[in-house]
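> sequence and predicted model, in that order:
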Amino acid sequence: MLAYIDHGKGSPTFILMHFLGGSHRTWSPTLPYLEERHRCIAVDMPGFGDSKDIEGYSVKEMLDHVDATIRDLELDDCILVGHSMTGKVALALAARRPEYLKGIILVAPSPATPQPMKEEQREKQINYQGTREEAEGFIDGATAQRLPDDLREIAIADVMRVNLEAYHAWPKYGSQEDWSGALGEVSCPALLVAGGNDQNVPPVEEQKRITLNHLPNHRIEVIESAGHLMPLETPQQLAKLMLTFADGL
């Protein structure tokens, strides 16, 4: 079972997954807005956070871990929430059509197709060694505005303590996996939330073509002021969109 934190109560349960280099702590600013109305399970993906020593870094291995954790917790009414890297994981898991799935929320997601990425950025991630300078550059480069110091330090600490094998696996092969042929049509309700100033994943128009074509029952929302790390940058705005989506299920 993956490491996780369990907050709040109420159905459906949000299964919160984090970005490359994050952990359950990525969702700490957003949780207070969600937990009075919904149970929230924030997991640490293999190689990250408190799951640092758990192996399995391909998309299939990651989704298998998440699926097993949900089943071990005996949850039967869930909304999968994938952020960045784990957007691809959420899509692939939703394609299994598990009985516990009620909806899917994609926050600045990596698409089902190979993720477009500049070669310079890919090489930088592949060569990442976990230094303070590298972690600062990674976090500051993913936000539209500098995070408040306390949140910035949490994010930097998470990126510095990753399992480097897990971190490197994403730019080497995870991000390049092509799940578009395996997804088919995923009919559950879906919400895609994009940051208006996000330079890390494909923009909305491209997401419509390569991601949302698999999700016929979808909505799109854009937080114009946000960059890539919306759970940290704009937690209240993101939570409001998530709650509205859950209310409509």
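Received the coordinates, thanks.
> quick one: the helices in this protein?
31-34, 59-72, 85-94, 119-126, 132-141, 149-160, 164-172, 180-183, 204-210, 230-233, 235-247 (DSSP state H).
> residue nearest the centroid of this protein?
For the chain, the residue nearest the mean C-alpha position is His83 (1.8 Å; CA atoms, centre = their mean).
> for that residue, which non-adjacent residue is closest in space?
Leaving out its chain neighbours, the residue that sits closest to His83 by CB to CB, 6 or more residues apart in numbering is Val107, at 4.3 Å. Yep, even glycine has a C-beta here, placed from its N, CA and C like the rest.
> repeat that for Gln115.
Ser175 (4.3 Å).
> before we move on, what about Phe19?
What sits nearest to Phe19 in space, not counting adjacent residues and going by CB to CB, 6+ apart, is Ser84, at 3.6 Å.
> settle this for me: Asp76 is touching Glu99, isn't it.
Yes - with contact defined as CB atoms under 8 Å, Asp76 counts as touching Glu99 (7.1 Å).
> these two - which one has more neighbours?
Asp76 (15 against 9; other CB atoms under 10 Å).
> so who does that one touch?
Applying CB atoms under 8 Å, 6 or more residues apart in numbering to Asp76 gives the contacts 99-100.
> quick one: it from Arg96, how far?
15 Å (CB to CB, to the nearest Å).
> now what about stretch 170-187, what contacts it?
Applying CB under 8 Å, 6+ apart, the contact partners of stretch 170-187 are 20, 57-59, 62, 85, 88, 91-92, 94-95, 97, 104, 110, 112-115, 117, 121-122, 125-126, 210, 214-217.
> list the buried residues in that stretch.
Across stretch 170-187, burial judged by 16 or more other CB atoms under 10 Å covers 170-171, 174-175, 177, 179-180, 183, 186.
> now the end-to-end length of that stretch.
Taking CA to CA, to the nearest Å, the first and last residues of stretch 170-187 lie 27 Å apart.
> show me how far it is from its chain's centre.
Relative to its parent chain, stretch 170-187 has a centroid offset of 14 Å by CA atoms, centre = their mean, to the nearest Å.
> check stretch 52-72 too.
For stretch 52-72, the distance to the chain centre is 14 Å (CA atoms, centre = their mean).
> just the buried residues of it, please?
Neighbour count says stretch 52-72 has 54, 56-57, 59, 61-67, 69-70 buried, by 16+ other CB under 10 Å.
> and those residues, which is closest to Asp140?
Tyr57 (25.2 Å; CB to CB).
> show the pLDDT at the closest one.
pLDDT recorded at Tyr57 is 98.
> and if you look at Asn200?
At Asn200, pLDDT is 89.
> could you find the closest non-adjacent residue to it?
His228 (4.2 Å).
> what residue of the chain is the furthest out?
Most peripheral residue of the chain (CA atoms, centre = their mean): Glu133, 23.8 Å.
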